[in-house]
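[1] Predicted model follows, preceded by the sequence.
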Amino acid sequence: MRIIDSNGDQLGIMSSRQALELAAERQLDLVKIAPQAKPPVCRIMDYGKFKFEQSKKEKEARKNQKIVNIKEIRFSPTIEDHDLNVKAKNAQKFLQDGDKVKVTIRFRGREVDHVSFGEKALERFYDIIKDYCVVEKPAKLEGRNMIMILAPKQ
């Protein structure tokens, strides 16, 4: 097997017994890095320290991660302008906080026959908050609901 030192220097190809003796002599562990290689590659290192540093890096990566929530705003296709402005102001707050906004229009009863009213309401809604967002998923009718997803501008 090919042996690599703890500093990254190659020590050459030797038997597993010789490699284990060398690792024991340095009071370190012999870790197989690439078992599928010809010959297999092993490294002499402090395995406990390696695992500790690896978990530290993972914690740091998780700490810097931002979780994006999806907030939902619902209204009907016959919504009035003032109510639409209030909903848009709430959506604007969500977008400024870095969350995505799912805008849902519910069609009740025979309203589903007039999908164009819902599309117009979504267009009016988007015109109000277009400075703060981009359309991630355009308006689409799913059953009795029309859904559009907005993402914050970068």
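    Alright, I've got the coordinates.

[2] ok, what's across the strand from the residue nearest to A37 when sequence neighbours are not counted?
    Spatial nearest neighbour of A37, excluding adjacent residues (C-beta to C-beta, 6 or more residues apart in numbering): R2 at 7.5 Å. Bear in mind the C-beta positions are built from the backbone N, C-alpha and C, glycine included. For R2, the beta-bridge partners under DSSP bridges are I13, V41.

[3] from what I can see R2 touches K38, true?
    No: applying C-beta atoms under 8 Å as the test, R2 and K38 come out as separate, 9.3 Å apart.

[4] higher neighbour count, the two?
    Set side by side, R2 and K38 show unequal neighbour counts under other C-beta atoms under 10 Å, the larger going to R2 at 18 against 7.

[5] contacting residues around that one?
    Taking C-beta atoms under 8 Å, 6 or more residues apart in numbering as the contact definition, R2 lies against Q10, G12, I13, A37, P39, P40, V41, C42.

[6] What pLDDT does the model give it?
    Per-residue confidence (pLDDT) for R2: 91.

[7] same deal with the one 5 residues further on?
    Reading off the per-residue confidence, N7 sits at a pLDDT of 86.

[8] give the contact list for the residue most central in space within the chain.
    The structure's the chain has its C-alpha centroid closest to I67; by C-alpha atoms, centre = their mean the separation is 7.2 Å. Contact criterion C-beta under 8 Å, 6+ apart gives no residues in contact with I67.

[9] sec struct for it, please.
    When the structure is reduced to helix, strand and coil (DSSP: H, G, I helix; E, B strand; the rest coil), I67 reads as coil.
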